[in-house]
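**Q** prediction below, plus the sequence it came from.
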Amino acid sequence: MTLRTEPVTVNIGPQHPSTHGVFRLRVTFDGEVIQEVEPVFGYLHRGSEKLAEERTYSQVITLTDRLDYVASMTNNQAYVLALEKLCHVQPAERGLYLRVIAAELQRIASHLVATGFLLQDLGAFGTPLMYCFRERERILDMFEMLCGARITHSYLRIGGVFQDAPEEFWPALRIFLHDMPPYIDEYEQLLAENEILVARTKGVGLLSQEMAIASSTSGPVLRASGVPWDLRKADPYEVYDRFDFDIPVGTAGDSYDRFIVRIQEMRQSLRIVQQAVDQLPGGTSVGKVPVRAKVPFFIRPPVGDAYAHVEAPKGELGFYLVSDGSIAPYRCKIRSPSFINLTPLKEMLIGWKLADLVVILGSIDINMGEVDR
Amino acid sequence: MYGIGVLKGMAVTLKNFLRPSFTVQYPEESLPQHPRFRGQDFVWYEERCTGCASCAKYCPLGIIRIVTDPSGVATPQGDKYKVLAFDIDLGRCMYCGLCVEGCPYDALHMGSGFERARYRRQELVIPVEELRRMPKRPSTWFRPQMETKGYDPRMGKELPWQEAGRHEAPDVEKMKERWVKER
Amino acid sequence: MESFLERNSFFSHLYRFFDAATPSWLAYLLAASVIVFVLVNGLMLFTMALIYMERRLIGRFQVRLGPNRVGPFGLLQPVADAIKILFKEDLVPVGADRITFNLAPVLFIFPVFLSLAVVPFGERYFLADLNVAVLFIMGVSGLSTIAILMAGWSSANRYAMFGAVRAVAQLISYEVPMVLSLVGVLLLVGSMSMVTIVEGQRLPLILLQPLGFLVFFMAALAELNRTPFDLVEAESELVAGYHTEYSGMKFGMFMLAEFAASVVSSAIIVTVFFKGWEGPLLPSHLWFVIKLFVVLFVLIWIRATLPRLRIDQIMAFAWKVLFPLSLVNIAATAVEVLLWPQPTTAQIWAMVGINWGVTFVSLALWSWLMGPTLRPNMPQLLRGATTGKAA
Ligand code: SF4
Ligand code: SF4
């Protein structure tokens, strides 16, 4: 006797515990095995690009906060870089260093969130997530010292940062730099060798090097596939060429590599922050050295266009600005890494099981604010 | 051998089990805030405000509504207009602080509170009377002069309008003089 | 009758009390009812204690406070939860099979109580001393699989169906190593009665049966749907698994039964592997409770630490690791029992040494053998996968 079976179509999301926001996948299963995937986007579309056309250049900074809301600093950075290119503004030196410190701290925070939620998707009942959030909390406290906000920073301004770091920021940062490496060791002890985690992630969601390049992924997803591509090295912006750091690269391109690459990147970011603190012009004294070039608030860039990209925690984040000489951008195009990293999703998912779906999605580390913009 | 990684992980959780908790019991105890914290209750010094509406112009969302009386009845005294309405719609505010950045006279400051939840949206709008009444505990965000003075809104001390500015507060008499002279 | 009364002091007290006023058959019935009442409510109390412990301790494991609002130290939290659940609207989805849907929670909770009947919870304190108690427990606990299947199937929800199908595969597979791991114990003790198992332990059996304990413990975790085997209700994959569509008190019954099952399973583990109620100085029920809470603590600790496995890995783990390991355990124990039918103390310690040796060797061997197969396979469709409806 043959059993008659039929594939089942399940809607995963937009309301689902592990789609990282309002992401919807129409998945056809054969038993537990994924046969067909159709991602559906747009539940969080807020029209950021269009809204940007109705804001002045400085006001757009607040919009960029809301793209990838766990990594606002780097969003600010990419936009401000594009704007500076457009206006030919030379930012203040100390401001650049403060930007680097903020951006690298933000990278650590974002990777902590990614790691924590990957483990949450694996079913670890929140414990690694809480550990990651404990450390992230300290970074957010430091951001609060810098700019008065924890999530939506709007810290960067054209020509530098809005204000110098307060006195108490520097001791806090020093303690953090001292405390963080043992915590990272602890995550590695808790997670990296755990047989269950290894069994769940190793070899799962393979992304070959060619496929990763062909679908123009970037960030940890690309590096885990064995491509040493990091904009901080490949196209050094700001002052990144003055620091000494390594790019962790994976070998297999599976979920485990993506996870390990993130952990390694946290260590590299700590190195960069340490170097930035050492090289900081003006040292840790407050308000002696300007952090912001003199630029009017309602700036009118010359007619033209500019593209700038940064290595955001999730990949290459680019802003393309077109100016028609008015106080608002004529066009503001955002190349968001989360969205483009989803390109090979189908290839990564088909043939795997339902339980792998959440792991693969978690290891890509998307942020719906950025995917839907 | 399998199982060792699992045991190592369990050792880590046991170690953390013995650590003190990093969360706090909120309403009784709250986490310390930095004086720069961009809080919810805006602080507005009527004495410093000239009614120039720069703040309204800087706000990306356009949620500050200012009505001044430039004509006829109440003519400007010095550089100042009489402010009839100054409503901030907190329901849409994102606490970016650009309005504070835009105020040239240091009349508007971010607040330091974070407990302004209300049941109805209309109650989230801060009208001018409430702004006048509200305790003046400004955040030091974008106000380096307060930071150098070491002002901390959490200390419970209110900051009088004379001390809030980068420069001396505009003196009405002097302004009038200058206004007349420059004519 | 008399010997039973002698062995069961809890029962005999009650029986004598009722016997004074009523005919003996009624006294028997009344005494039994009182014990059932005490047991059921005692189990509920322990379940509430477990819920409270679980939430507080997981809070501590996660370096946070945990619920501490309701009552002193949040002790009344389970009560508050229960009241909240009672007042929730009871929804039955359109398209659900109403009878099955309503029956499932009841069917799920009742094997838990049944298996409690044979667990001795103190010296001469038990409800029934079945001479096939181990078989009874195994047989009864298999019932919950049907309840889960009923719940998942009748909900007319695909997540629930996934959960139910997973449950059937997983729970039935884990019954096998669970039963087999107890065979070593039975060989050593020579009885299936829980009371005799406790009394027959000269050393706590965990020392004599480390491999059997490991297999039983993991199989019990799987039977209880706790991490790392909780994929029946894997919330990050299946939302809530088989009880996705349940709300109100029906949902509450599922939760209650799951926690109560944890308590009962821990009680069985304590009885079989930790010498049950026996211990020096303290009264026997207190020893039982202490041991019970230690086992529960380990359960919670595991839940707070480990991520979950995937369905094929779980099945592989049951059939390729636990099943052969339990066979190894049976073989080793059988040889020992054959060699030393009436072991002296020295021989018992020799058995302990041999069994631990066997445990480590077989674990190492299986790690080495099973290492590659436990890892996931390459996906068959990675290259040349059809990318949607291009044509
Ligand atoms: S904080 Fe930002 S959004 Fe709020 S009123 Fe000021 S400028 Fe507008
Ligand atoms: S608060 Fe400042 S910016 Fe706003 S109207 Fe008054 S003076 Fe002008």
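**A** Yep, it's here. Ligands and ions are numbered 1, 2, ... in the order given.

**Q** enumerate every residue touching C:I268.
**A** C:115, C:119, C:137, C:220 (Cβ atoms under 8 Å, 6 or more residues apart in numbering or on different chains). To be clear about C-beta, it is placed using only N, CA and C from the backbone, and glycine gets the same treatment.

**Q** now it: how far from A:Q274?
**A** To A:Q274, C:I268 is 55 Å away according to Cβ to Cβ, to the nearest Å.

**Q** and the contacts of C:I268, which are buried?
**A** C:115, C:119, C:137, C:220 (16 or more other Cβ atoms under 10 Å in any protein chain shown).

**Q** return the member of these nearest to ligand 1.
**A** C:A220 (56.2 Å; Cβ to the nearest ligand atom).

**Q** check which helix or strand covers that closest one.
**A** Take DSSP states H and E as the rule and C:A220 turns out to sit in helix C:210-223.

**Q** state the mean pLDDT of the helix or strand just after that helix.
**A** On the C-terminal side of helix C:210-223, the nearest following helix or strand under DSSP H and E is helix C:235-238. The average pLDDT within helix C:235-238 is 76.

**Q** give me the number of residues near the closest residue to A:L317 other than its chain neighbours?
**A** Closest residue in space to A:L317, ignoring its immediate chain neighbours: A:A78 at 4.6 Å, by Cβ to Cβ, 6 or more residues apart in numbering or on different chains. By the criterion of other Cβ atoms under 10 Å in any protein chain shown, A:A78 has 28 neighbours.

**Q** who touches A:A78 in this structure?
**A** A:A78 neighbours (Cβ under 8 Å, 6+ apart): A:64, A:308-310, A:312, A:317-319.

**Q** quick one: it is in a strand?
**A** No: assessed with DSSP: H, G, I helix; E, B strand; the rest coil, A:A78 is helix; it does not lie in a strand.

**Q** pick out the most distant pair among the contacts of A:A78.
**A** A:T64 and A:H309 (13.4 Å; Cβ to Cβ).

**Q** now the common contact residues for those two.
**A** A:78, A:319.

**Q** and the two? Which one has more around it.
**A** A:T64 (26 against 20).

**Q** can you count the residues close to the residue of the stretch 201-350 of chain C found nearest ligand 1?
**A** Across the stretch 201-350 of chain C, no residue is closer to ligand 1 than C:S236, which sits at 35.6 Å (Cβ to the nearest ligand atom). Residues near C:S236, counting by other Cβ under 10 Å, number 24.

**Q** quick check, it in contact with A:G126.
**A** No: shown here, C:S236 and A:G126 do not form a contact pair, counting by Cβ atoms under 8 Å, at 10.5 Å.

**Q** what's the overlap in contacts for these two?
**A** A:Q120.

**Q** counting neighbours, what do you get for the residue nearest to A:L207 when sequence neighbours are not counted?
**A** Among residues not flanking A:L207 along the chain, A:G253 sits closest, at 4.5 Å (Cβ to Cβ, 6+ apart). By other Cβ under 10 Å, 24 other residues sit near A:G253.

**Q** ditto for the one 5 residues further on
**A** Close neighbours of A:R258, defined as other Cβ under 10 Å, add up to 28.

**Q** same question, A:A192
**A** For A:A192, using other Cβ under 10 Å, the count is 17.

**Q** ok, back up a step: just checking, the residue nearest to A:L207 is part of a helix?
**A** No: if the criterion is three-state DSSP, then A:G253 is coil and not within a helix.

**Q** which residues sit in contact with it?
**A** By Cβ under 8 Å, 6+ apart, the neighbours of A:G253 are A:206-209, A:212, A:224-226.

**Q** quick one: the strands in chain B?
**A** B:39-44, B:64-68, B:83-89, B:108-111, B:125-126 (DSSP state E).

**Q** tell me the most buried of those strands?
**A** For those, the largest average neighbour count (mean count of other Cβ atoms under 10 Å in any protein chain shown) is found in strand B:108-111, namely a mean of 27.

**Q** of all of chain C, which residue lies closest to ligand 2?
**A** Closest point on chain C to ligand 2, by Cβ to the nearest ligand atom, is C:R64, at 41.3 Å.

**Q** so what pLDDT did that residue get?
**A** 84.

**Q** for the closest residue to it other than its chain neighbours, what are phi and psi?
**A** Leaving aside its sequence neighbours, C:R64 sits nearest to B:T23 (Cβ to Cβ, 6+ apart; 4.3 Å). Reported as degrees, to the nearest 10, the phi and psi values for B:T23 are phi -100, psi 160.

**Q** C:H285: how many residues sit nearby?
**A** 14.

**Q** what residues are up against it?
**A** By Cβ under 8 Å, 6+ apart, the neighbours of C:H285 are C:121-122, C:125, C:277.

**Q** which elements pack onto the longest helix along chain B?
**A** In terms of residue count, the longest helix belonging to chain B (DSSP state H) is helix B:4-17. With contacts taken as 3 or more Cβ pairs under 8 Å, 6 or more residues apart in numbering or on different chains; DSSP states H and E, helix B:4-17 sits against helix A:195-201, helix C:24-61, helix C:284-305.

**Q** need the winner for burial among those helices.
**A** Greatest burial across the helices and strands packed on helix B:4-17, using mean count of other Cβ under 10 Å, falls to helix A:195-201, with a mean of 23.

**Q** can you pull out the helices in the stretch 251-391 of chain C?
**A** C:284-305, C:311-316, C:323-339, C:345-374 (DSSP state H, counting those that start in this stretch).

**Q** will you turn those helices into TSV that also has mean pLDDT?
**A** Formatted as TSV, these follow (pLDDT from 0 to 100):
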stretch	mean pLDDT
helix C:284-305	85
helix C:311-316	82
helix C:323-339	86
helix C:345-374	78
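
**Q** for the nearest residue to C:R226 once chain neighbours are set aside, which residues are in contact?
**A** Using Cβ to Cβ, 6+ apart and skipping residues adjacent in sequence, the residue nearest C:R226 is C:R303, 5.7 Å away. When contacts are counted by Cβ under 8 Å, 6+ apart, C:R303 is found next to A:125, C:54, C:58, C:226-227.

**Q** same check on A:R258?
**A** Per Cβ under 8 Å, 6+ apart, neighbours of A:R258: A:220-221, A:224, A:250, A:363-365.

**Q** just the ones of those in strands?
**A** Going by DSSP E, the strands hold none of the contacts of A:R258.

**Q** in TSV, list the residues you listed along with pLDDT.
**A** Listed next are those as TSV, based on pLDDT from 0 to 100:
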residue	pLDDT
A:P220	87
A:V221	88
A:A224	84
A:G250	80
A:S363	86
A:I364	86
A:D365	84
